[in-house]
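Participant: fold the stuff below for me.
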Amino acid sequence: MENESLTEFFRAQTHLFIRQIKNWGEILVGVEAKNKYEVSDVSGAKHGFILEKGSGILGFIIRLIARSHRPLDVRVYDSKQQEILRYERPFYFFFSTAYLYDTKDQIVGTVDQKFGILKKRYEITDNLGSVRGRIESGFFKFFQFEIEDIRGQKIGEVKKKWGGLLKEAFTDNDTFGLSMEESLETSTKALLFAAAISIDFDYFEDNQGGGSPIGIFD
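Facilitator: Modelled structure (predicted):
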């Protein structure tokens with residue numbers, strides 16, 4: 001499934017930082033348009049970006065009603081503006097399932113949100129259905145999601161707040177970070193990256209309902 005651009009995007013990367021970019025219209029009226037994120041590496045250099053596709057009046061209405069439960073078509077680009085991954089998540093009521101594809105429309109794997117009592121749980125599987133990672137974050141660990149392999153070994157982590165590393169970049173809640181074991185395969189790193197996207201959309205996007213009937217499922 002790997003291509004040169006995808007391999008280069010994740011090669012030797014242990015930390016990637018993702019910051020949501022908001023335009024002034026969203027800030028002034030409080031209504032978010034399509035999401036766009038800037039991806040930086042551990043040195044703070046621009047590494048790529050993430051863009052939610054879809055626009056127009058129909059897209060706006062769906063977004064207004066379904067909010068964080070809405071269907072998503074998200075693209076990941078490298079610093080040369082080459083598309084390297086496509087992330088798709090259908091509409092859902094209770095638990096999200098996201099599908100990750102490469103540029104040849106071959107599935108890389110899925111990120112499934114699971115039921116958990118006082119836990120935030122995800123299962124990350126590859127294109128053959130094999131589990132590459134699991135997340136079981138305590139209910140009160142609001143900003144920390146550790147990722148373990150099937151042996152229980154930590155292979156990554158998604159955090160909304162970082163203590164020291166690039167601390168100056170984390171002055172608001174629109175930035176989060178992903179850490180990964182450097183030795184992981186490119187496909188596994190891509191799936192952990194997709195898990196970070198899922199976590200942000202599922203837990204940190206403005207999803208309080210705002211009068212939407214879908215808000216009762218948050």
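
Participant: contacting residues for residue 14?
Facilitator: By CB atoms under 8 Å, 6 or more residues apart in numbering, the contact set of residue 14 is 42, 179, 180, 181, 182. Yep, even glycine has a C-beta here, placed from its N, CA and C like the rest.

Participant: so which of these comes closest to residue 3?
Facilitator: Distance to residue 3 across those (CB to CB) is lowest for residue 180, with 19.1 Å.

Participant: now the residue nearest to the spatial centre of the chain: how far from residue 47?
Facilitator: By CA atoms, centre = their mean, the chain has its centre lying nearest to residue 197, at 0.4 Å. Between residue 197 and residue 47 the computed distance is 15 Å (CB to CB, to the nearest Å).

Participant: with residue 203 instead?
Facilitator: Separation of residue 203 from residue 47 (CB to CB): 23 Å.

Participant: hmm, back to that, would you format the contacts of residue 14 as TSV with secondary structure included?
Facilitator: As requested, the contacts of residue 14 are exported to TSV (DSSP: H, G, I helix; E, B strand; the rest coil):
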residue	secondary structure
42	coil
179	strand
180	strand
181	coil
182	coil
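
Participant: follow-up on the earlier one: and the residue nearest to the centre of the chain, what pLDDT?
Facilitator: pLDDT recorded at residue 197 is 94.

Participant: same thing with residue 216?
Facilitator: pLDDT recorded at residue 216 is 47.

Participant: ok, residue 163 next?
Facilitator: Note for residue 163: predicted pLDDT of 49.

Participant: in this protein, where is pLDDT below threshold?
Facilitator: Scanning the chain for pLDDT under 70 picks out 1-2, 23-33, 55-56, 58-60, 62, 66, 161-174, 206-218.

Participant: which residue ranges of it form strands?
Facilitator: Assigned by DSSP state E, the strands in the chain fall at 15-21, 36-40, 46-52, 72-78, 83-89, 97-101, 107-114, 119-126, 131-138, 144-148, 154-159, 175-180.

Participant: quick one: strands adjacent to the last one?
Facilitator: Here strand 175-180 is paired, per DSSP bridges, with strand 15-21 (antiparallel), strand 154-159 (antiparallel).

Participant: using CSV, lay out the ones you listed together with distance to residue 98.
Facilitator: Output for the strands paired with strand 175-180, formatted as CSV (distance: least, CB to CB, whole Å):
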stretch, distance to residue 98
strand 15-21, 15
strand 154-159, 14
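
Participant: wait, which of those strands is closest to residue 92?
Facilitator: strand 154-159 (19.6 Å).

Participant: quick one: that closest one to strand 131-138, angle?
Facilitator: If you take axes from the mean of the first three to the mean of the last three CA atoms, to 10 degrees, strand 154-159 sits at 50 degrees to strand 131-138.

Participant: hmm, who's touching strand 154-159?
Facilitator: Contacts to strand 154-159, defined as CB under 8 Å, 6+ apart, come from residues 133, 135, 143-149, 176-181, 184, 188, 192, 195-196, 199.

Participant: report the buried residues of that strand.
Facilitator: 155, 156, 157, 158, 159 (16 or more other CB atoms under 10 Å).
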